[in-house]
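>>> Got a predicted structure here, sequence first:
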Amino acid sequence: MLVAQLQADLTAAMKARDELTTSVLRMAVAAVKEAAVSGTEAREVSDDEVIALLSKEAKRREEAATAFTEGGRPERAERELAERDVLARYLPQPLSEEELASLVSTALDEGGFSEPSQMGLAMKAAMAAVGGRADGKAVSALVKAHLSR
């Protein structure tokens with residue numbers, strides 16, 4: 001499981017005194033534990049949920065790096081990008097544009113989505129097919145293009 005891998009890597013980073021990796025993995029493990037106890041009862045967090053959490057955190061780091069760069073703080077931007085790179089080790093490889101277009105098109109054709117009014121259902125099907133390996137904005141653009149034909 002991915003949770004066990006995160007915990008093992010955290011222990012290794014602490015032993016190696018790798019401050020950057022230790023801080024990022026501590027945050028990741030804490031986010032996973034928080035997700036596990038959120039709601040009415042404690043539960044096991046699936047690898048898909050962990051990947052979603054890590055993707056969200058990586059995206060936050062990317063946005064923060066952009067903000068720091070625009071604010072004239074390149075050293076902080078570099079730190080944010082380094083943190084994003086640590087998180088990226090645990091994420092699946094992103095899809096190429098061709099692979100993404102193919103998956104989205106197949107999912108929409110199989111679901112019979114052809115009307116722009118079906119955007120919500122079409123996005124749900126497309127995101128399920130993509131499996132967190134692409135940005136929602138890119139998927140949304142492809143779905144809109146497909147539905148407006």
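Cool, got the structure. Numbers count the residues shown, from 1 in each chain.
>>> now the helices: where do they sit in this protein?
Per DSSP state H, the chain carries helices over the ranges 2-15, 19-37, 47-70, 74-88, 97-111, 119-130, 136-147.
>>> So what touches the first one?
Read it as helix 2-15. Outside of helix 2-15, the residues within contact range by CB atoms under 8 Å, 6 or more residues apart in numbering are 21-22, 25-26, 28-29, 32, 45, 47, 50-51, 90. Just so you know, the C-beta spots here come from the backbone N, C-alpha and C atoms, and that holds for glycine as well.
>>> which residue is nearest the middle of the chain?
The residue lying closest to the centre of the chain (CA atoms, centre = their mean) is S55, at 1.9 Å.
>>> My guess is it contacts G131. True?
No. The criterion here is CB atoms under 8 Å, and S55 misses it with G131 at 10.8 Å.
>>> between these two, what contacts are shared?
Shared between the contact lists of S55 and G131 (criterion: CB under 8 Å, 6+ apart) there are no residues.
>>> Spatially nearest residue to V45 (excluding sequence neighbours)?
A36 (4.8 Å; CB to CB, 6 or more residues apart in numbering).
>>> Who are the contact partners of the residue nearest to the centre of the chain?
Shown here is S55, whose contacts under the criterion CB under 8 Å, 6+ apart are 91, 132.
>>> Tell me both backbone torsions, phi and psi, for E115.
Backbone torsions for E115, taken as degrees, to the nearest 10, come to phi -100, psi 140.
>>> distance of it from A128?
E115 sits 19 Å away from A128, going by CB to CB, to the nearest Å.
>>> mind putting the helices of the chain in CSV, mean pLDDT included?
As requested, the helices of the chain are exported to CSV (pLDDT from 0 to 100):
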stretch, mean pLDDT
helix 2-15, 95
helix 19-37, 94
helix 47-70, 92
helix 74-88, 96
helix 97-111, 90
helix 119-130, 89
helix 136-147, 89
